[in-house]
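Novice: Any chance you can model this:
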Amino acid sequence: MKLAALLIAELPALAWALRVVRGRQTVSVLHGPRVEIGEDHFVEGAWSGAFHDHSFAQATTFCGTGGLFDRQGLLLSSSTNTLQPIYVIRMAEELIASNSLALTLQLANSELKRQYRYHDVDLMSIMLGLHRYRRRLLTESGVRVALYYHCNVRVLPDLGVQQLAKARLDKPLTYAQYVGMLFHQTAAVVANASDVERRTRFRPMTTISSGYDSPACAVLARAAGCSEAMTFARAADAIDSHDDSGSKIAESLGLSIVEFDPCAYKTKPGFPEVEFLAPGYGGDDVIYLGAEAVLSDRLLFVGYHGDRVWGRSAVLGANFERGDPSGGSLQEFRLRVGFLALAVPFIGCEHIKDIRNISNSADMHPWSVSLTGYDRPIPRRLVEEAGVPRKSFGQLKKAAARPARAADIEDPPIQKFLSAESLVQFRQWSKNTPLYLGVWDWLSHLVLHQTYMAFARLASGLLKLFPASKGFGLHWLFWQRLGPVPWRYAKPRSVHSLLIFWAHEHIRARYAPFILRHRR
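Specialist: Take a look at the predicted model:
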């Protein structure tokens, strides 16, 4: 087989789409201007290995997506984190794959099933872990979109697919081993991202907040040669004036820093939220739109998943169970602007039990502040030993992100998330899109939601009676594994479930013109 690559200047910089036709020896790849292309590979990303050998599929840390030909045929590779899947549609005589859901649907001449109201919850189910997420999305044409996270995907001659595991890092047994692994892996990714053989080189930049995770990322980034940071000025809590800025931490680390308002997107013209809502993970990363000017051609260090990996009391996690789906909604924005997101806590997180044992070991007691209830000894030690005063970070849990849609908690008022222009347009659009498809749809959802909540209350009561069971993850077992009702019925249905359809109608305009030309 051979690769036939076609550069489409109008595509988002890092977007790609692949088509395999049964019986043909040529695989067609359409790609944006910053996708790296070779005779036997294509990739948008950076990994912990040499760039010249194109070993991203075997890398233990890989932020991005790509594909290559080896002795056995075509192999697609998704990130080693769970922020960015590969989307695949298999039809009778062809297979389509892409790193963009909207582009995948466009090439298949389809769209998300309009009568189904749980697409966004299905996409957010990745936070339940690699064994329990919703693996396929429904479409109007009847084909299904398969999602592949943290894996390699072998495309077989009959267009079937075989999912292959990623390479694993060695198990860390001590703090020194674990942070040594983090330093080594992040330095290797930075070196790869800036390799002189690249078409586009990505300069490192780190996020910094007043919490734990991004300051730890900043220490690792600085050691790898990063000198620049970005932060958001305010947190999205009840008191909007709460300062979440990491400026003082950056100063202690000797990093230059730029500060952004997380609500700056609301002043953007048009409908700025749609590219964050279209991926379907809640849209909370829309705050990064205000930082667009500094993100192009960057390798951005981010702390997604740090709560589960570095928290002392977090349970489960071996299958990448997460506390939220943050980072997923960056996809379309990231592809358009052209930057890579290195989620540091995912590095080696398959060894979550060993990492947690390190956090709770006697050696880490000097860096534990358990009385505060906000305690992550590993990042605290990493940051304090880099010269940052203890009182400068990790004092109060805050978050700058502002999700429009959450997985299993109450959604914020729609007007709190959308800009004024978007709010007017969405309300007008939603008048022609009913929330329920009829009495039966309304009644069935109501019954299933109430049943789910009854079982959740039972689980909560059992946890109070047997608090020690929490350490074995039984609250997850009851709610997500053993519950009689699927997780998508955890919440009452609201107008928020229509946001993904509204967003896709707008995001299709990004891909439709060149798709029409391509078909001609």
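
Novice: Near the closest residue to Ala264 other than its chain neighbours, how many residues? Count them for me, please.
Specialist: In space, and not counting its chain neighbours, Ala264 is closest to Gly290: 3.0 Å by CB to CB, 6 or more residues apart in numbering. For every residue, glycine as well, the C-beta is placed using N, CA and C. The tally of other residues near Gly290 (other CB atoms under 10 Å) stands at 21.

Novice: how long is stretch 42-55 from one end to the other?
Specialist: By CA to CA, to the nearest Å, the extent of stretch 42-55 from end to end equals 11 Å.

Novice: Which residues belonging to it are considered buried?
Specialist: 42-49, 51, 54-55 (16 or more other CB atoms under 10 Å).

Novice: With stretch 23-41 instead?
Specialist: 27-36, 41.

Novice: picking that back up, could the buried residues of stretch 42-55 go into a markdown table alongside distance to Pro157 and secondary structure?
Specialist: Putting the buried residues of stretch 42-55 into a markdown table (distance: CB to CB, whole Å; DSSP: H, G, I helix; E, B strand; the rest coil) gives the following:
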| residue | distance to Pro157 | secondary structure |
| --- | --- | --- |
| Phe42 | 20 | strand |
| Val43 | 23 | strand |
| Glu44 | 26 | strand |
| Gly45 | 27 | strand |
| Ala46 | 31 | strand |
| Trp47 | 28 | strand |
| Ser48 | 32 | coil |
| Gly49 | 29 | coil |
| Phe51 | 30 | helix |
| His54 | 23 | coil |
| Ser55 | 24 | coil |
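
Novice: Which two among those residues are spaced furthest apart?
Specialist: Maximum pairwise distance among those (CB to CB): 19.3 Å, between Phe42 and Ser48.

Novice: thinking again about what came up before, would you reformat the buried residues of stretch 42-55 as a markdown table and include distance to Tyr212 and pLDDT?
Specialist: Listed next are the buried residues of stretch 42-55 as a markdown table, based on distance: CB to CB, whole Å; pLDDT from 0 to 100:
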| residue | distance to Tyr212 | pLDDT |
| --- | --- | --- |
| Phe42 | 37 | 97 |
| Val43 | 32 | 98 |
| Glu44 | 30 | 98 |
| Gly45 | 26 | 97 |
| Ala46 | 24 | 98 |
| Trp47 | 26 | 98 |
| Ser48 | 23 | 97 |
| Gly49 | 29 | 96 |
| Phe51 | 32 | 97 |
| His54 | 35 | 94 |
| Ser55 | 32 | 95 |
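
Novice: Pipe those residues into CSV and attach distance to Pro325 per row.
Specialist: Formatted as CSV, the buried residues of stretch 42-55 follow (distance: CB to CB, whole Å):
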residue, distance to Pro325
Phe42, 27
Val43, 25
Glu44, 21
Gly45, 20
Ala46, 23
Trp47, 23
Ser48, 25
Gly49, 28
Phe51, 30
His54, 30
Ser55, 29
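
Novice: rewinding a little: which of the buried residues of stretch 23-41 sits closest to Glu421?
Specialist: Nearest to Glu421 out of these is Gly32 (CB to CB; 27.5 Å).

Novice: what number of residues lie near the spatially closest residue to the closest one that is not a sequence neighbour?
Specialist: Leaving aside its chain neighbours, Gly32 sits nearest to Leu11 (3.9 Å; criterion: CB to CB, 6+ apart). For Leu11, the neighbour count with other CB under 10 Å is 24.

Novice: Make sure Leu11 is actually in contact with His31.
Specialist: Yes: Leu11 is within contact range of His31, at 6.7 Å (criterion: CB atoms under 8 Å).

Novice: Let's check: the centremost residue of this structure is which one?
Specialist: Leu83 (2.2 Å; CA atoms, centre = their mean).

Novice: Report the contact partners of that one.
Specialist: 304, 327-328, 330-331, 341, 343 (CB atoms under 8 Å, 6 or more residues apart in numbering).

Novice: ok, Asn109 - how many residues close by?
Specialist: Asn109: 13 surrounding residues under other CB under 10 Å.

Novice: confidence score at it?
Specialist: The model reports Asn109 with a pLDDT of 90.

Novice: Need the three-state assignment for it.
Specialist: Here Asn109 is recorded as coil under DSSP: H, G, I helix; E, B strand; the rest coil.

Novice: Poorly predicted segments of this protein, please.
Specialist: 234-242, 314-317, 398-402, 407-408, 463, 466-483, 516-520 (pLDDT under 70).

Novice: Let me have the buried residues of stretch 23-41 in JSON lines, adding secondary structure as columns.
Specialist: Formatted as JSON lines, those follow (three-state DSSP):
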{"residue": "Val27", "secondary structure": "strand"}
{"residue": "Ser28", "secondary structure": "strand"}
{"residue": "Val29", "secondary structure": "strand"}
{"residue": "Leu30", "secondary structure": "strand"}
{"residue": "His31", "secondary structure": "strand"}
{"residue": "Gly32", "secondary structure": "coil"}
{"residue": "Pro33", "secondary structure": "coil"}
{"residue": "Arg34", "secondary structure": "coil"}
{"residue": "Val35", "secondary structure": "coil"}
{"residue": "Glu36", "secondary structure": "strand"}
{"residue": "His41", "secondary structure": "strand"}
